[in-house]
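K.L.:
Please find the sequence and the predicted model below.
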Amino acid sequence: MSNAASTPQSIHVIGGGLAGSEAAWQIAQAGVPVILHEMRGVPGVKTDAHQTDGLAELVCSNSFRSDDWEYNAVGLLHAEMRALGSIIMECGDAHQVPAGGALAVDRDGFSQAVTARLEAHPLVTIVREEIAGLPPEEWDNVIVATGPLTSPALADAILKMTGEESLSFFDAIAPIIHADSIDFDIAWRQSRYDKEGPGGDAAAYVNCPMDKDQYDAFIDALLGGPKAEFKDWENVPYFDGCLPIEVMAERGRETLRHGPMKPVGLTNPRNPTVKAHAIVQLRQDNALGTLFNMVGFQTKLKHGAQAETFRMIPGLQNAQFARLGGLHRNTYLNSPQLLDKQLRMKAMPRLRFAGQVTGVEGYVESAAMGLLTGRLAAAQALGRDLSAPPPETAMGALVEHITGGHLEGSKFQPMNINYGLLPPLEAPKVDEDGKRIHPKERGRAKKRLQSIRAMEALKAWRDA
């Protein structure tokens with residue numbers, strides 16, 4: 001390969017999933033040669049989840065979720081990616097199957113289309129090989145997009161470089177709730193024993209009280225609800241610090257009341273003489289203050305049962321979930337500590353990371369981070385300055401989340417895109433024609449304004 005200024009050096013992309021395929025496409029479309037390394041297709045090398053050696057294979061669902069850009073955050077992310085020439089969205093649209101308001105695809109046709117387009121691109125070279133360990137030192141512009149099933153050799157190399165606290169191999173996740181869906185006529189803010197936190201806040205928690213009948217009904221629902229089963233290959237461990245709440249409940253009906261739901265050190269200001277039988281606490285989850293997580297509520301309950309059961313909690317009867325809880329195998333970086341705003345490894349800036357390994361969840365979110373790293377890496381190769389999109393965009397909000405949007409001192413957790421990650425707006429009281437919006441519709445109207453703002457900001461960033 002010539003080193004002449006007119007011909008940039010090849011960028012290496014490791015991993016041919018959704019993120020890696022999108023990154024490679026964006027790099028090539030920018031006029032920079034790219035080598036895409038994929039270990040599937042090498043004799044004797046496979047993952048526990050993939051069935052084929054096709055690029056961008058969908059290993060679970062065939063759905064990219066809602067396609068409604070005005071009122072759904074993932075639909076907004078679809079629209080942003082389309083505006084940036086995403087191969088994943090183009091092939092998804094071309095191989096769409098009926099799914100109501102969602103974008104679902106024919107998984108085989110979709111993967112074959114992505115593979116064919118990358119194979120046909122004159123600036124893309126696909127190499128079937130496993131990168132065992134860190135990439136060679138002479139590769140000075142690399143995107144690691146190896147997903148939740150990163151090969152053991154590469155995962156071990158990352159661990160040695162970053163330290164054992166910087167790479168997680170499973171998720172124990174509690175549900176996260178939009179703050180504006182909590183009923184503060186029932187819930188109240190107070191820290192246990194009014195103890196101040198590191199920021200000096202003595203009311204850092206939201207408290208939802210239960211009487212004995214409510215607690216007993218809640219325990220019954222926990223014990224009787226349908227549970228998700230781990231896949232054979234996941235081998236998800238239980239640690240005492242992150243037991244699922246239903247496992248704790250199985251140890252005795254009073255266990256939760258003496259654990260994450262203990263009512264001590266808290267007084268309901270509306271009824272100070274009556275002590276709650278149990279209290280569910282929520283803790284602020286992001287710097288914007290738009291999201292709160294349910295403390296100690298990691299769970300194996302299936303998603304439908306989670307929403308139904310957790311809305312039994314007083315104060316959460318109208319809860320809207322930014323994400324539901326779960327435990328599953330998932331390799332991801334402690335990105336706020338390790339990555340800069342260019343998604344480069346601070347300790348080794350020649351490496352960028354993309355996709356699920358960065359701490360985003362979902363097909364579309366992973367592909368979006370691939371799209372962004374592809375553009376950032378190509379700009380670097382061409383000697384151009386390019387920053388991530390502004391945080392008002394869905395794509396920029398994801399970058400903010402994975403590079404420091406969580407609260408200092410809290411454990412970083414992967415996240416799907418949701419409006420709670422975007423800078424908040426006041427809910428409008430009147431529509432564009434000056435007509436009063438019913439209070440129940442104002443939250444929906446606010447989402448539309450956030451989406452319009454996002455698309456305007458994205459296009460300004462793209463065209464700058």
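P.N.:
Yep, it's here. Numbers count the residues shown, from 1 in each chain.

K.L.:
List the contacts of the spatially most central residue of the chain.
P.N.:
By C-alpha atoms, centre = their mean, the chain has its centre lying nearest to residue 415, at 2.4 Å. Going by C-beta atoms under 8 Å, 6 or more residues apart in numbering, residue 415 touches 176, 322, 323, 359, 360, 361, 398, 401, 421. (C-beta placed from N, C-alpha, C; glycine too.)

K.L.:
can we see that at 6 Å?
P.N.:
When contacts are counted by C-beta atoms under 6 Å, 6 or more residues apart in numbering, residue 415 is found next to residue 401.

K.L.:
now it: how far from residue 265?
P.N.:
The spacing between residue 415 and residue 265, counted by C-beta to C-beta, to the nearest Å, is 30 Å.

K.L.:
where do the helices sit along the stretch 151-300 of the chain?
P.N.:
With DSSP state H, counting those that start in this stretch as the criterion, the stretch 151-300 of the chain has helices at 152-162, 212-224, 245-250.

K.L.:
Let me know which of these is tucked in deepest.
P.N.:
Across the helices of the stretch 151-300 of the chain, averaging neighbours per residue (mean count of other C-beta atoms under 10 Å) puts helix 245-250 on top, at a mean of 20.

K.L.:
quick one: contacts of that one?
P.N.:
For helix 245-250, the surrounding residues in contact (C-beta under 6 Å, 6+ apart) are 219, 222, 223, 255, 256, 259, 297, 299.

K.L.:
got the contact list for the third one?
P.N.:
Translated: residue 223. Neighbouring residues of residue 223 by C-beta under 6 Å, 6+ apart: residue 249.

K.L.:
Could you rerun that using 10 Å?
P.N.:
Residues near residue 223 by C-beta atoms under 10 Å, 6 or more residues apart in numbering: 246, 249, 250, 253.

K.L.:
what's around the last one, how many residues?
P.N.:
In other words, residue 253. As a burial measure, residue 253 scores 14 neighbours (other C-beta atoms under 10 Å).

K.L.:
how about low-confidence regions in the stretch 251-400 of the chain?
P.N.:
Scanning the stretch 251-400 of the chain for pLDDT under 70 picks out 328-330.

K.L.:
all strands for it, in order.
P.N.:
All strands of the stretch 251-400 of the chain, identified by DSSP state E, counting those that start in this stretch, fall at 278-284, 291-294, 321-323, 326-333, 344-345, 348-353.

K.L.:
sorry, back to before: as CSV, the helices of the stretch 151-300 of the chain with mean pLDDT and distance to residue 128 would be great.
P.N.:
CSV is the format used below for the helices of the stretch 151-300 of the chain (pLDDT from 0 to 100; distance: least, C-beta to C-beta, whole Å):
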stretch, mean pLDDT, distance to residue 128
helix 152-162, 77, 16
helix 212-224, 96, 47
helix 245-250, 89, 42
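
K.L.:
Could you name the stretch from those that's closest to residue 99?
P.N.:
helix 212-224 (30.1 Å; C-beta to C-beta).
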